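> structure here, sequence nowhere to be found:
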């Protein structure tokens, strides 16, 4: 609705004569906005305003440089919306705020979020072909995590944690909040000196470093990222941790305290472990392989042992629609990935023989983490370009970070640490 009609969208609304049919359809759908308001600058120079004009309501604006976003969004939902942004068809001064506005109006503009069945069919097929078989898993992980350690080092904090931080104290800085998250996971599985700990998805080695250096545990970590593995091994070596396969130049470095491997989680066969940690890796497993993932953890964990699994989750109410479709993240960021809902996660864990002994949700902290990452990433755009990445890449990543930030801020997605115990 325009600014003159706070409650009657049909009054005073005029469709631009130059607008193609897809644009007319999209603008009519936007009249349904009930929460907050949107100011849209159209290609013909006119301005349309939709939603409530209340001063304290959420608001956003966007500038359409051409009409391309209209057809793309109606056809392919959030994927088309993202692709038109990546192409430069539209801009906004607040990308996160714009996406939050659409999310809070999810029921009113559902067609814009999901698009049409036919419009998303090719994307759905591509998503299914990316399922995380052993061969595809390495390819999918490489597509995201092997962009280069230099790239991630530009905008992640010094701990090189690429997962939600936890502000145990609201006054913490980001590195301290990241260490608090890792410490909580280790506390949940009750890691003590001498314990054998398995980390599934060891990333750049933050948890392995804390478990070995600060807790005195022995860690086995697996990853499919060659870049992450090299960084993690060097990181632990600098701390004096004895690494499996490394040349031991001092007797005091024996025995081996860390074994970091380029290995698929399905091939782990050297248990039993006293404890297992896995930080935001289960989302990359894929729905078809969740039973295998949980069965593997159960198989390698000693009786009575605990596992702490940190997972991004999607609201139970949104799960069924989500798994029948595909989204921007699966197409452009994490091919083959899938988010569990909290109830689905716990059902999978119980089916594998685990008891869920603790669950801790801290989604707003992920929103805060993402906001800090986004700010850091945008500050480093020139440095990212210097690494060889182009404007299209920068737009994809900006959209990705804002897309996730909006989802956590709105509560459609959450992040949880689940603590499981084997009988």
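Noted; the coordinates are in hand. Just so it is clear, the model here is predicted, and its values are computed rather than measured.

> when you work out contacts or count neighbours from here on, use the C-alpha atoms and nothing else.
Fine.

> pretty sure residue 298 contacts residue 351?
No: Residue 298 lies out of contact with residue 351 (C-alpha atoms under 8 Å); the separation is 10.5 Å.

> more crowded one of these two?
residue 298 (25 against 12; other C-alpha atoms under 10 Å).

> give me the element that one is part of.
helix 290-300 (DSSP states H and E).

> tell me, how many residues neighbour residue 17?
8.

> do residue 332 as well
Neighbour number of residue 332 under other C-alpha under 10 Å is 16.

> tell me the contacts of it?
Contacts for residue 332 (C-alpha atoms under 8 Å, 6 or more residues apart in numbering) come out as residue 396.

> that one and residue 22, how far apart?
To residue 22, residue 332 is 25 Å away according to C-alpha to C-alpha, to the nearest Å.

> show me the shaky parts of the stretch 151-300 of the chain.
Counting by pLDDT under 70, the low-confidence segments of the stretch 151-300 of the chain come to 246-255.

> again, 80 this time
245-256 (pLDDT under 80).

> just to revisit the earlier point, so after the helix holding residue 298, what's the next helix or strand?
Past helix 290-300, the next helix or strand by DSSP H and E is strand 301-314.

> show me what that next one is in contact with.
185-186, 188-190, 271-283, 297, 339-342, 412-423.

> cutoff 6 Å now
Residues from elsewhere that reach strand 301-314 (C-alpha atoms under 6 Å, 6 or more residues apart in numbering): 185, 189, 272-280, 339-341, 413-423.

> just stretch 173-191 next, same as before
165, 166, 167, 207, 275, 306, 307, 308.

> of those residues, just say which sits nearest to residue 388.
Closest approach between the contacts of stretch 173-191 and residue 388, by C-alpha to C-alpha: residue 165, at 29.0 Å.

> quickly note the distance from the closest residue to the closest one other than its chain neighbours to residue 163.
Leaving aside its sequence neighbours, residue 165 sits nearest to residue 178 (C-alpha to C-alpha, 6 or more residues apart in numbering; 4.3 Å). Residue 178 sits at a distance of 8 Å from residue 163 (criterion: C-alpha to C-alpha).

> of the two, who's got more company?
residue 178 (25 against 19).

> buried residues in the helix or strand hosting the more buried one, which are they?
Element membership for residue 178 (DSSP H and E) is helix 174-188. Neighbour counts using 16 or more other C-alpha atoms under 10 Å place 174-183, 185-186, 188 of helix 174-188 among the buried residues.

> may I see those arranged in JSON lines, with distance to residue 380 as well?
Output for the buried residues of helix 174-188, formatted as JSON lines (distance: C-alpha to C-alpha, whole Å):
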{"residue": "174", "distance to residue 380": "17"}
{"residue": "175", "distance to residue 380": "18"}
{"residue": "176", "distance to residue 380": "22"}
{"residue": "177", "distance to residue 380": "22"}
{"residue": "178", "distance to residue 380": "21"}
{"residue": "179", "distance to residue 380": "24"}
{"residue": "180", "distance to residue 380": "26"}
{"residue": "181", "distance to residue 380": "26"}
{"residue": "182", "distance to residue 380": "26"}
{"residue": "183", "distance to residue 380": "29"}
{"residue": "185", "distance to residue 380": "31"}
{"residue": "186", "distance to residue 380": "33"}
{"residue": "188", "distance to residue 380": "36"}
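
> do a quick rundown of the helices in the stretch 1-150 of the chain.
21-30, 68-86, 95-104, 110-114, 117-129, 134-145, 149-155 (DSSP state H, counting those that start in this stretch).

> let me see the mean pLDDT of the fourth one.
To tie it back to what came earlier, the one meant is helix 110-114. What helix 110-114 shows for mean pLDDT is 60.

> same check on the third one?
Mean pLDDT, computed over helix 95-104, is 93.

> same thing with the second one?
Per-residue pLDDT over helix 68-86 has a mean of 91.

> which of the residues in that helix are buried?
Result for helix 68-86 [16+ other C-alpha under 10 Å]: buried residues 68-86.

> list the buried residues in the helix holding residue 298.
Counting neighbours by 16+ other C-alpha under 10 Å, the buried set in helix 290-300 is 290, 292, 293, 294, 295, 296, 297, 298, 299, 300.
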